[in-house]
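# Output the structure for:
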Amino acid sequence: MAASQHAADRATSSGGVPRPRPQLDDLPPYVAGRPPSTPPGLTPYKLSSNENPYPPLPGVLEAATAAVGVMERYPDMGNGALYRALAVRLDLLPAQISAGTGSTAVLFQLLSAFCGPGDEVVVPWRSFEAYPIAITVAGARAVQVPLTADARHDLDAMAAAVTDRTRVLVVCTRTTRPAPPCDTASWRPSWTGSLRGCWWSSTRRTPSSCATTTRWTACGCWASGATSR
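Predicted structure coming up:
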């Protein structure tokens, strides 16, 4: 009944025309970096967006070409082959891996799965401009923790910002590229124990590990790592 009434209110508020969710009115604009200038005789690269001045490795081109050759067929929707190969290489379980069209897509998936209205997401700030957008789309609230004076994560402050409403905490790890202007990354051993202790304290639970409990997941991706409960 409540859901039906909510839908009716949204429709009648605009003369019967359905409207997007109100959270979308609060979406911050994505501010992309300026395109590089083109000096005569030189090829510019947008380093702020991590463009690579080197071409793809031959094996990458061969794999892409082979994939185009069977583009008339549906791909592996579950990414099973990819997950199994990565699990062997990274010594993980396939269930611990999530793939997407870039780290932003994986982050959207994670937030959609764990967050809703009233939930909170702790992020270092300033950091990747997509974080507040993804959090707002999920209906959650971003809790922005300022970087330290030397542009590093304030891990103690981030741990202190976790509350019973926190569902995801985002960090830039040493194994992934830091998001400008957070041009330094957190070395994994420096935050793993701190954040796990923080989660244990806030939930009054003692999960055996992030890898083996269904209540906890960990996501490491190209631009960021995110720990969620």
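
# For the protein, give me the ranges with low pLDDT.
1-15, 173-229 (pLDDT under 70).

# In it, mark out all the strands, start to finish.
120-125, 141-146, 166-171, 217-220, 225-228 (DSSP state E).

# Just want the angle from the first one to strand 166-171.
Between the axis of strand 120-125 and that of strand 166-171 there is an angle of 20 degrees, by axes from the mean of the first three to the mean of the last three C-alpha atoms, to 10 degrees.

# got a list of contacts for strand 120-125?
With contact meaning C-beta atoms under 8 Å, 6 or more residues apart in numbering, strand 120-125 is reached by 111, 115, 131-132, 135, 138, 140-147, 153-154, 158, 161-163, 165-172, 182. For glycine as for every other residue, the C-beta is placed from the backbone atoms N, C-alpha and C.

# burial count for the nearest residue to Val106 once chain neighbours are set aside?
In space, and not counting its chain neighbours, Val106 is closest to Gly100: 4.0 Å by C-beta to C-beta, 6 or more residues apart in numbering. Residues near Gly100, counting by other C-beta atoms under 10 Å, number 16.

# so Gly100 makes contact with Leu82?
No - contact criterion C-beta atoms under 8 Å: Gly100 and Leu82 do not qualify, at 11.4 Å.

# Send over stretch 100-116 as CSV, restricted to the C-alpha atoms.
This file holds the C-alpha atoms of stretch 100-116, laid out as CSV (Å, rounded to 0.1, in the frame of the first residue of the first chain):
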residue,chain,number,x,y,z
GLY,A,100,32.0,-4.4,-15.2
THR,A,101,32.6,-1.8,-17.9
GLY,A,102,35.1,0.1,-15.9
SER,A,103,35.5,0.6,-12.2
THR,A,104,32.6,3.2,-12.1
ALA,A,105,30.2,0.5,-13.4
VAL,A,106,31.4,-1.9,-10.6
LEU,A,107,30.9,0.8,-8.0
PHE,A,108,27.3,1.5,-9.3
GLN,A,109,26.6,-2.2,-9.0
LEU,A,110,28.0,-2.4,-5.5
LEU,A,111,26.1,0.7,-4.3
SER,A,112,22.8,-0.6,-5.9
ALA,A,113,23.2,-3.9,-4.1
PHE,A,114,24.0,-2.5,-0.7
CYS,A,115,22.6,1.0,-0.4
GLY,A,116,19.2,2.6,-0.2
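
# Excluding chain neighbours, what is closest to Phe108?
Ala134 (5.1 Å).

# got the contact list for that neighbour?
Shown in contact with Ala134 (C-beta under 8 Å, 6+ apart): 104, 107-108, 111.

# would you turn those residues into a markdown table with neighbour count and distance to Leu24?
Formatted as a markdown table, the contacts of Ala134 follow (neighbours: other C-beta atoms under 10 Å; distance: C-beta to C-beta, whole Å):
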| residue | neighbour count | distance to Leu24 |
| --- | --- | --- |
| Thr104 | 19 | 17 |
| Leu107 | 27 | 17 |
| Phe108 | 19 | 14 |
| Leu111 | 25 | 14 |
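
# Specify which member of those is nearest to Ser48.
Of all those, Thr104 has the smallest distance to Ser48: 15.7 Å, by C-beta to C-beta.
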